[in-house]
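A.B. asks: here's my sequence, what's the structure:
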Amino acid sequence: MRAVSVIILFAVAMTTLSHKAWADFDVAAVDSQFTPLLRLKTDFDQVRIDQRVIVRLPSTAAAPATVGAQREAVAKMKYKEQKIGKCLWVDKLGGSRPGPDRTLDLLTRDGIIIRAYLGDGCLAREFYAGAYMERSYDGKICVNRDLLYARTGAKCEVEKFRLLIPR
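C.D. replies: Sure, this is the predicted structure:
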């Protein structure tokens, strides 16, 4: 009785396999005793490779307790803001620090300071440990397109960029 039920189950299983499933098996010629009788199909019609690059903008070497004092020192310095474009090259950026209110100061490798105004609901103090972002297809960070992520979990969109010139 068991043998009959096993044969019936085997027959049902074999008939439920689709033709596509059977096409993935090739019968191999037996050259030696170590050659498998069945092998899976190894040629594929399509291969997709995804790559994800994260760009980190480290904070200045200040402890979180001194961020308030650092922000006050930066606020004492007077800057003139000048309009710049809507996109920045990510390769030119070297670091970040929280600015006043809803702004994040981006430091370039050349020593230039660019202020990024953050979107609604974002606070600069969340970026005390630095910021990071996903590298875009063109290597730029743009207004109303890319997101800046804080290590605290916040994510913010940039509303505008301004070049800071010391007075």
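A.B. asks: may I have the strands that pair with the lengthiest strand in the chain, each with its orientation?
C.D. replies: In the chain, ranked by residue count with DSSP state E as the criterion, the top strand is strand 155-166. Strand 155-166 pairs in its sheet with strand 79-83 (antiparallel), strand 113-118 (antiparallel), strand 147-150 (antiparallel), by DSSP bridges.
A.B. asks: residues making contact with the first one?
C.D. replies: Which is strand 79-83. I113, R115, R162, L163, L164, I165, P166, R167 (CB atoms under 8 Å, 6 or more residues apart in numbering). (C-beta placed from N, C-alpha, C; glycine too.)
A.B. asks: try it again with 6 Å
C.D. replies: In this structure, residues lying in contact with strand 79-83 by CB atoms under 6 Å, 6 or more residues apart in numbering are R162, L163, L164, I165, P166, R167.
A.B. asks: residues touching the fourth one, list them.
C.D. replies: Applying CB under 6 Å, 6+ apart, we find I165 in contact with K80, Q82.
A.B. asks: list the buried ones in the longest strand of the chain?
C.D. replies: For strand 155-166, the neighbour count (16 or more other CB atoms under 10 Å) marks C156, E157, V158, F161, R162, L164 as buried.
A.B. asks: for the third one, give its distance to R167.
C.D. replies: If I follow you right, that is V158. From V158 over to R167 the distance is 24 Å, taken as CB to CB, to the nearest Å.
A.B. asks: pLDDT of stretch 86-93, averaged?
C.D. replies: Summarised as a single mean, pLDDT over stretch 86-93 is 91.
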